[in-house]
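Peer 1: Take a look and give me a structure for this.
(chains A and B)
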Amino acid sequence: MIVQLLTSFFASSAFGVLFNAPKKLLIHCGIAGMSGWAVYYLLTTMGIDSVPASLAASFLVAIISHFFAKRFRTPVIIFIVGGIIPLVPGGTAYDAMRKFVENDYNMAIQLSAKAFLISGAIVIGIVFSEVINQVIRKIIIERNKTYNSGQTN
Amino acid sequence: MEDNQKSNLIKKMEVCLLAGEIMLKSGAETYRVEDTMDRMARALEIEQPQSFATPTAIIFSAHGETKTETRLIRIIHRTTDLEKKTETRLIRIINRTTDLEKIARVNHLSRSLSEKKITAEEVFHQLKELQKTDMFYPVWLQLFCAALSSGCFLIMFGGVWSDFIPAFLSGGIGFYIFLLMNRFVGIKFFSEFSASLSIGFCAYVFVKMGTGIDLDKIIIGSVMPLVPGLLITNAIRDLIAGHLVAGISKGAEAFFTAFAIGSGIACIVLIFF
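Peer 2: Residues are numbered from 1 along each chain as shown, chains lettered A, B, ... in the order given. You can find the predicted model right below:
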């Protein structure tokens, strides 16, 4: 488990370098990626399917990224990119491609459907956290409004 | 008087357009580009600013005292600029599409402008500087990071530690080929294809030599630095923001990249198995 955490941390920060993220934020990129992978790894070792596990992990990555983006006043993609890379179904897509090459179309279609579902789960995770982020922001704005109007009255 | 006002307006528009251009070239989401341009325009007291950005162009219009002004900037950010090629270093041309640092800086400038901390003149000056500067990490560091992430992904996907060095090397070599091909050929599809081809070949050689054990895991790990993560993220975020044209075209680009990587590996599998 510790090995997994360390490797995912380094992999995500290294990705930050490849995408030229600001130097002081590289560690935070790593943290976002590490927490996402930790959730995914825990859930899959507990026997949960990789589709819901990817959903939970990408949701967490996006939440953490929004938090960092707010805190450092930077665009949120800086953190999300590094965070979702480990979740991309590279292995499944590779297996699917291999089966296609070996003319085993049944297996290949099955695997590509799986890869497609996992990518869909990542998308939904990001969308959900975005929606929640918007709702929270709206609530805070509304509250400030009522608070201020109460003060003036 | 009228001419003066008009030239003033055009100057303000130039500032907004320059900011938008830098952001889009560095790989920002299109809705962020539009949002930043609108914010800057409002801070500069332009009346009724309207901006429209797609991955390949920006259109910006402003309502002046006399008549509405519209400007169009076309961005061909996937091809390399020949004129600049002679004076820039290898990295800059290649990674024109992903530069998160520049996006963050333009974002910061636009915030300061909205808060009236700096004047339009200063912003324009700083944007010009930003356009010229080269903030990429050195090539050796990029290569090292690509190699390191390949090795780490191998372990994350359940590989054994003895495969770490083969994945590290083939990931690094693959990324180097990607950079080289991008420089000399400049066609993204071809550079990704040849990078994954060389990764497959390296992994095969390592396994044949007996240094590597699990060929599949080594290939999957080494291919990861080429995965179009930024494109996927941007495509999703643009689609959520309602920018369907930009989202779909970026999604298509991501799919194309994935296809290039897959076909490169498929060639190796076809030849050697």
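
Peer 1: what about the longest helix in chain A?
Peer 2: Using DSSP state H, we find that the single longest helix of chain A is helix A:105-152.

Peer 1: In chain A, where is pLDDT below threshold?
Peer 2: Applying pLDDT under 70 to chain A picks out residues A:147-153.

Peer 1: what helix or strand is the residue most central in space within it on?
Peer 2: In chain A, the centroid-proximal residue (CA atoms, centre = their mean) is A:Ser58; its distance is 2.9 Å. Assigned by DSSP states H and E, A:Ser58 belongs to helix A:50-72.

Peer 1: so does that helix get close to chain B?
Peer 2: No. Helix A:50-72 does not reach chain B (CB under 8 Å from any CB of the partner chain); its nearest approach is 8.6 Å. (Each C-beta comes from the backbone N, C-alpha and C, glycine too.)

Peer 1: other SSEs contacting that helix?
Peer 2: Packing partners of helix A:50-72 (3 or more CB pairs under 8 Å, 6 or more residues apart in numbering or on different chains; DSSP states H and E): helix A:26-45, helix A:77-84, helix A:105-152.

Peer 1: near chain B at all, the shortest one?
Peer 2: Yes. Helix A:77-84 comes into contact with chain B (CB under 8 Å from any CB), by way of A:77-78, A:80-82, A:84.

Peer 1: I would like the residues contacting that helix, please.
Peer 2: Helix A:77-84 is contacted by residues A:12-13, A:15-16, A:19, A:21-22, A:25, A:28-30, A:32-33, A:35-36, A:58, A:61-62, A:64-65, A:68-69, A:122, A:126, B:28-29, B:100, B:103-104, B:229-230, B:232-234, B:237 when judged by CB atoms under 8 Å, 6 or more residues apart in numbering or on different chains.

Peer 1: on that earlier part again, which pair in the residues of helix A:77-84 next to chain B spans the largest distance?
Peer 2: A:Ile78 and A:Ile84 (12.3 Å; CB to CB).

Peer 1: Give me the buried positions along the helix holding A:Ser58.
Peer 2: Judged by neighbour count (16 or more other CB atoms under 10 Å in any protein chain shown), helix A:50-72 contains these buried residues: A:50-51, A:53-66, A:68-69.

Peer 1: cool, and stretch B:8-27?
Peer 2: Under the neighbour-count criterion of 16+ other CB under 10 Å, stretch B:8-27 has B:9, B:12-13, B:15-27 buried.

Peer 1: Just the buried positions in the helix or strand B:Ile59 falls within, please.
Peer 2: Assigned by DSSP H and E, B:Ile59 falls within strand B:57-63. Residues of strand B:57-63 classed as buried: B:58-62 (neighbour count, 16+ other CB under 10 Å).

Peer 1: Sheet partners, orientation included, of it?
Peer 2: Strand B:57-63 has its sheet partners listed here by DSSP bridges as strand B:47-54 (antiparallel), strand B:68-74 (antiparallel).

Peer 1: need the least confident one among these, by mean pLDDT.
Peer 2: Per-segment mean pLDDT for the strands paired with strand B:57-63 reaches its minimum on strand B:68-74, at a mean of 62.

Peer 1: which stretches of the stretch 101-250 of chain B aren't confidently modelled?
Peer 2: Across the stretch 101-250 of chain B, the ranges flagged by pLDDT under 70 are B:134-135.

Peer 1: residues from it in reach of chain A?
Peer 2: That would be B:101-104, B:107-108, B:111, B:135-137, B:141-142, B:145-146, B:148-149, B:151-153, B:155-157, B:216, B:219-220, B:223-225, B:227, B:229-230, B:232-234, B:236-237, B:240, which are the residues of the stretch 101-250 of chain B within reach of chain A (CB under 8 Å from any CB).

Peer 1: List only buried entries from those.
Peer 2: Of those, these count as buried by 16+ other CB under 10 Å: B:101-104, B:107, B:135-137, B:142, B:145-146, B:148-149, B:151-153, B:155-157, B:219-220, B:223-225, B:227, B:229-230, B:232-234, B:236-237, B:240.

Peer 1: A:Pro89 is in contact with the residue nearest to the centre of chain A, correct?
Peer 2: No. Look at A:Ser58 against A:Pro89 with CB atoms under 8 Å: they stay out of range, at 11.7 Å.

Peer 1: Can you spell out which helices and strands pack onto the longest helix anywhere in chain B?
Peer 2: Taking DSSP H as the criterion, chain B has its longest helix at helix B:244-272. Judged by 3+ CB pairs under 8 Å, 6+ apart, helix B:244-272 is in contact with helix A:90-101, strand B:47-54, helix B:188-209, helix B:215-223, helix B:229-240.

Peer 1: rewinding a little: the buried residues of stretch B:8-27: which ones sit near chain A?
Peer 2: Among these, proximity to chain A is found for B:Gly27 (CB under 8 Å from any CB).

Peer 1: Out of the buried residues of stretch B:8-27, name the ones that lie in strands.
Peer 2: Of the buried residues of stretch B:8-27, none are assigned to strands by DSSP state E.

Peer 1: from the buried residues of stretch B:8-27, which two are the most distant?
Peer 2: Between any two of these, the greatest separation by CB to CB is 29.5 Å, found for B:Leu9 and B:Gly27.

Peer 1: What residue in the stretch 151-273 of chain B comes nearest to chain A?
Peer 2: B:Cys152 (3.8 Å; CB to the nearest CB).

Peer 1: what's whichever strand or helix holds that residue in contact with?
Peer 2: Here B:Cys152, judged by DSSP H and E, is contained in helix B:139-156. Contact with helix B:139-156 is made by A:3-4, A:7-8, A:10-11, A:13-15, A:17-18, A:37, A:41, A:86, A:90, B:90-91, B:136-137, B:161, B:163-165, B:167-172, B:174-176, B:179, B:217-218, B:220-222, B:224-225, as judged by CB under 8 Å, 6+ apart.

Peer 1: residues near the residue nearest to A:Ile27 when sequence neighbours are not counted, how many?
Peer 2: In this structure, A:Ile27 finds its nearest non-sequential neighbour in A:Ser13, 6.7 Å apart by CB to CB, 6 or more residues apart in numbering or on different chains. Neighbourhood size, A:Ser13 [other CB atoms under 10 Å in any protein chain shown]: 25.

Peer 1: residues touching A:Ser13, list them.
Peer 2: Here A:Ser13 is in contact with A:26-27, A:29-30, A:33, A:82, B:145 (CB under 8 Å, 6+ apart).
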